[in-house]
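Pasting the sequence and the predicted model now:
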2 protein chains.
Amino acid sequence: MEKVKPRTLSGFMELLPARQTQMERMMETLRRTYSLYGFTPLDTPVIESAEVLLAKGGGETEKQIYRFTKGDSDLALRFDLTVPLAKYIAQNYGQLAFPFRRYQIGKVYRGERAQRGRFREFYQADIDIIGDGELDIINEAEIPSIIYKTFTTLGLKRFVIRVNNRKLLNGLFAVLGLSDKSMDVMHIIDKLEKIGREKVLACLKDDLAVDEAVGTLLLDVLESEEPIEALQQFVGKDELFDKGLEELTTVVKHLGGFGVPEENFRIDLTIARGLDYYTGTVYETTMIDHPEIGSVCSGGRYDNLAEYYTDKKLPGVGISIGLTRLFFVLEDQGYLNDELVSAPTDALILPMTDDLSPSIALATFLREKGIRAQLHCEKKKFKAKMNYANKLKIPYVIFIGEDEIANSKASVKDMTSGQQQLLGYDEAAEMIIAGVAAQNNGTVILDK
Amino acid sequence: MEKVKPRTLSGFMELLPARQTQMERMMETLRRTYSLYGFTPLDTPVIESAEVLLAKGGGETEKQIYRFTKGDSDLALRFDLTVPLAKYIAQNYGQLAFPFRRYQIGKVYRGERAQRGRFREFYQADIDIIGDGELDIINEAEIPSIIYKTFTTLGLKRFVIRVNNRKLLNGLFAVLGLSDKSMDVMHIIDKLEKIGREKVLACLKDDLAVDEAVGTLLLDVLESEEPIEALQQFVGKDELFDKGLEELTTVVKHLGGFGVPEENFRIDLTIARGLDYYTGTVYETTMIDHPEIGSVCSGGRYDNLAEYYTDKKLPGVGISIGLTRLFFVLEDQGYLNDELVSAPTDALILPMTDDLSPSIALATFLREKGIRAQLHCEKKKFKAKMNYANKLKIPYVIFIGEDEIANSKASVKDMTSGQQQLLGYDEAAEMIIAGVAAQNNGTVILDK
């Protein structure tokens, strides 16, 4: 028979079993952490009507959309989880209670140019809090706590949650007479880390005709070690600025109460995250040792989630983790903890007699105890079966031969220590449970 | 602004939060149960190259495929999880260990005619055991145990795992001289429950010219209460038959050892599950009180998983649960347990003072204890906040007023009993943990 070459499309992550096990651990951690903050799980279709999905229209994204027809239907694959959320809330408004907190971990699709570490199908892990008409600032203050809890539960230590406020930023531009060129100014400011203060000042002056004194003042504030204090000089000059400063102050004030240590948080007045969508607090999260990766968790406050679907004003705040890319980076940089059990089973049972019944009974017994157990009854040599256990890094191998059967015992080999013991079934179960728990007593990310 | 009507495509399941919570519970149960049997989680792309996905070509399925181009690529959405598994194994053969046990819970796509209870996007939950060259019969014997464990863990009680063997069936047809019309005979046999024995006999005689005595003998065997005994008369007449009977006997023999009670198992010689693909044991699972639903978990043994991609002989056995359809049916028939906590949070904290710090500290404290906690700080009336808790069926509401703050206590209201208590933080956490655990001490399916 003519064979088709089996291949996976480029830009689509498909992991080997041990790696997939780590990915599952990460997803489970996200689900658990998000749940602690009162977020409910949602699941929306991958395919939506193109008209609904592209209601906002235009933009860079549209070119990347997977769009096609089936019968008479003009369809598209979701390219984020925010538009489907907007649709969901507009559609089910009457049946939901607000503030509505949901998390969704799901695949989204963008036909970007294929490139190492860029994916066309990737998981996003999103949380959003949506208010009906209004949403209190305390929700914005709570977000850093969720980011902190999420990453520390995963095992990451050296990261910083950077926060800014769009009202404050726009207000500051107004005070400095830069409102009409705010987008261009931010574009140049964005290069601060790359090209340095002097070149940024030159660009502001030469390219945008920003007065040198204004440019210097702006940079002094944006780069200040004590940004809240540096901003005090502008208080009372612009309403939006004052409101933004008040919001930022509230966010900072509650950090301790929400359990976020100072070293994992920073006010960064240079963060803008696009100029249209966000209207209040904005967030970025960077790995201290890998700034080149950019933000691994971003988001912010917006005023109108579903304006393309409904007249209802639905303000919200949300953050998103690009999970597939994060996983790729963590693997690439050696952050994944390979000490945790990645085998598909905790105990591999090798029957050494023709009668399989005692081995089967033991497997059933162990499973009742919550132990992942697998029988290996293939017609293979003993050595091949041990190689199987080694290749999969199975923690325990159990031999059931005539002696074991006669004494209702099991020979349990700890594959890490190489030690083998003859144990009663209950003892065996206890040892395996304790051993596996000890090996799994770590986080999926190992950060120094 | 012109609004687009928010809508979800027909044939795409999108659940409200409380229902989604139940769906998540089901998926979590499946993941846990499959893991107990040594299956490793896999995740493959939703989109594959059409050439790869349709390597097998032709058939009823192809018309239903979502197929489209993006740039130069001819793409298709997966329509099951078996073809992607075949691709995965052929592609990663050298890096896997066999027998390879994997589970996958994922969405698949079929553009079927829209109809109540039929879905175009639906979850399948599959497990497969793949051997390299050979696969022992004990794997086929283990499958009923996995089905039993899965459904009983979900809470289903009144179901029957029906088992047949394709070798036995084909051997029986050979013995009876029916090999050349086996497909047509099975087609008529399939109607046994609907049209009854007499009409089936008439059809066999009139439509297929099956000798009346042969037809009667066939039906006597297929309908026998003691099928293994009824089959003994044919032993020694056909090699395939003998092999099939031996396999079926082995499967039955180990049921007890694998923990499957007799009342949840039945040999059903009328089950064929298509005539080409399966080559050994086949499985169907039916709900005793809802036979009209058909099989909720089916599968069988096959000899060549990946013949379109590789010369390697990869026999396997697998089963699949159509999870979306199962969920729909369970909801439709009132099987879902609405007593379990479906709220997004266990405890809603209502700050009664302007200073939110004590409430925030309490939320952080409860979350550290693993309690799902949410602050409600919106500028709403007290009654609106209580309505919010009631609408979401939140188990506990906590009030933090001046008295509570002064005494470092919390007023905790049990929303089920209506009882309110002033408690220390530790006491409050203990009570909530115990109360939520008690409420969740049940299965997601309620079967009488």
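Nice, I can see it.

what sits against the residue in the stretch 151-300 of chain A positioned nearest to chain B?
Residue nearest to chain B within the stretch 151-300 of chain A (CB to the nearest CB): A:Gly257, separated by 3.9 Å. To be clear about C-beta, it is placed using only N, CA and C from the backbone, and glycine gets the same treatment. Shown in contact with A:Gly257 (CB atoms under 8 Å, 6 or more residues apart in numbering or on different chains): B:Ser357, B:Ile360, B:Ala361, B:Thr364.

Can I have the buried ones of these as a PyMOL selection?
To isolate the buried members of the contacts of A:Gly257 in PyMOL, using 16 or more other CB atoms under 10 Å in any protein chain shown:
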select buried, chain B and resi 360+361+364
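
can you tell me which of the contacts of A:Gly257 are up against chain A?
Applying CB under 8 Å from any CB of the partner chain to the contacts of A:Gly257, one finds that B:Ser357, B:Ile360, B:Ala361, B:Thr364 fall near chain A.

Regarding the residue of the stretch 151-300 of chain A closest to chain B, what is its secondary structure?
Using DSSP: H, G, I helix; E, B strand; the rest coil, the structure places A:Gly257 in coil.

And it, what's its pLDDT?
With respect to pLDDT, A:Gly257 scores 97.

Ok, A:Glu246 next?
98.

Leaving out sequence neighbours, find the closest residue to the residue of the stretch 251-400 of chain A found nearest chain B.
Nearest residue of the stretch 251-400 of chain A to chain B (CB to the nearest CB) works out as A:Gln374 at 3.0 Å. Spatial nearest neighbour of A:Gln374, chain neighbours left out: B:Gly38 (3.0 Å); criterion: CB to CB, 6 or more residues apart in numbering or on different chains.

do the same with A:Phe98
Ranked by CB to CB, 6+ apart and with sequence neighbours excluded, the top spatial neighbour of A:Phe98 is A:Asp132, at 3.7 Å.

hmm, back to that, secondary structure class for the residue of the stretch 251-400 of chain A closest to chain B?
Following three-state DSSP, the label given to A:Gln374 is strand.

Can you get me a residue count around it?
By the criterion of other CB atoms under 10 Å in any protein chain shown, A:Gln374 has 27 neighbours.

Any idea what it is bridged to?
With DSSP bridges applied, A:Gln374 shows beta-bridge pairing to A:Leu348.

Next, give me the two most distant ones among the ones next to chain A among the contacts of A:Gly257.
B:Ser357 and B:Thr364 (10.5 Å; CB to CB).

okay, now A:Leu336: neighbour count?
22.

need the contact list for it.
Counted by CB under 8 Å, 6+ apart, A:Leu336 has contacts A:Arg19, A:Gln22, A:Leu330, A:Val444, A:Ile445, A:Leu446.

Which helix or strand contains A:Ser320?
Per DSSP states H and E, A:Ser320 falls inside strand A:316-322.

Run through the neighbouring helices and strands of that strand.
Here strand A:316-322 touches strand A:121-130, helix A:137-154, strand A:278-287, strand A:298-302, going by 3 or more CB pairs under 8 Å, 6 or more residues apart in numbering or on different chains; DSSP states H and E.

okay if I get the ones you listed as TSV plus mean neighbour count, distance to B:Gln95 and mean pLDDT?
Output for the helices and strands packed on strand A:316-322, formatted as TSV (neighbours: other CB atoms under 10 Å in any protein chain shown; distance: least, CB to CB, whole Å; pLDDT from 0 to 100):
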stretch	mean neighbour count	distance to B:Gln95	mean pLDDT
strand A:121-130	23	21	98
helix A:137-154	23	26	98
strand A:278-287	24	29	96
strand A:298-302	24	35	97
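
In JSON lines: these, plus distance to chain B.
Below are the helices and strands packed on strand A:316-322 laid out as JSON lines (distance: least, CB to the nearest CB, whole Å):
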{"stretch": "strand A:121-130", "distance to chain B": "5"}
{"stretch": "helix A:137-154", "distance to chain B": "4"}
{"stretch": "strand A:278-287", "distance to chain B": "15"}
{"stretch": "strand A:298-302", "distance to chain B": "15"}
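
Could I get the ones you listed in TSV, plus columns for distance to A:Val397?
Supplementary listing: the helices and strands packed on strand A:316-322 in TSV, determined by distance: least, CB to CB, whole Å:
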stretch	distance to A:Val397
strand A:121-130	35
helix A:137-154	31
strand A:278-287	39
strand A:298-302	46
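
closest to A:Gly196 out of those?
Nearest to A:Gly196, of the helices and strands packed on strand A:316-322 and by CB to CB, is strand A:278-287 at 18.8 Å.

residues making contact with the closest one?
Strand A:278-287 is touched from outside by A:137, A:140, A:143-144, A:147, A:151, A:156, A:158-167, A:244, A:247-248, A:251, A:268, A:271-273, A:293-303, A:315, A:317, A:319, with contacts defined as CB under 8 Å, 6+ apart.

So for the strand holding A:Ser320, what gets flagged as buried?
Across strand A:316-322, burial judged by 16+ other CB under 10 Å covers A:Gly316, A:Val317, A:Gly318, A:Ile319, A:Ser320, A:Ile321, A:Gly322.

and the closest residue to the fourth one other than its chain neighbours, what does it touch?
Counting by CB to CB, 6+ apart, A:Ile319 lies nearest to A:Gly299, which is 3.3 Å off, once chain neighbours are set aside. Shown here is A:Gly299, whose contacts under the criterion CB under 8 Å, 6+ apart are A:Ile143, A:Arg273, A:Val282, A:Tyr283, A:Val317, A:Gly318, A:Ile319, A:Ser320.

The same query, at a cut-off of 10 Å, please.
By CB atoms under 10 Å, 6 or more residues apart in numbering or on different chains, the contact set of A:Gly299 is A:82, A:126-128, A:143, A:147, A:273, A:278, A:281-285, A:316-321.

what do you get for A:Ser417?
Residues in contact with A:Ser417 (CB under 10 Å, 6+ apart) are A:Gly435.

roughly how far apart are it and A:Lys409?
Distance of A:Ser417 to A:Lys409, computed by CB to CB, to the nearest Å: 19 Å.

rewinding a little: so what sits against both of B:Ser357 and B:Thr364?
Taking CB under 10 Å, 6+ apart as the contact rule, B:Ser357 and B:Thr364 both touch A:His254, A:Gly256, A:Gly257.

so can I have a markdown table of those showing distance to B:Ala429?
Shown next, in a markdown table, are those (distance: CB to CB, whole Å):
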| residue | distance to B:Ala429 |
| --- | --- |
| A:His254 | 21 |
| A:Gly256 | 20 |
| A:Gly257 | 17 |
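
list the contacts for the nearest residue to A:Glu284 once chain neighbours are set aside?
Excluding the flanking residues, the one nearest A:Glu284 by CB to CB, 6+ apart is A:Ser295, at 3.9 Å. Taking CB under 10 Å, 6+ apart as the criterion, A:Ser295 is in contact with A:161-162, A:271, A:273, A:283-287, A:319-322.

cool, and A:Ala306?
Counting by CB under 10 Å, 6+ apart, A:Ala306 makes contact with A:55, A:82-83, A:85-91, A:93, A:130, A:312-314, A:316, B:3, B:6.

so what's the residue lying closest to A:Glu263 once chain neighbours are set aside scoring on pLDDT?
Sequence neighbours aside, A:Val160 is the residue nearest to A:Glu263 in space, at 7.9 Å (criterion: CB to CB, 6+ apart). pLDDT for A:Val160: 98.
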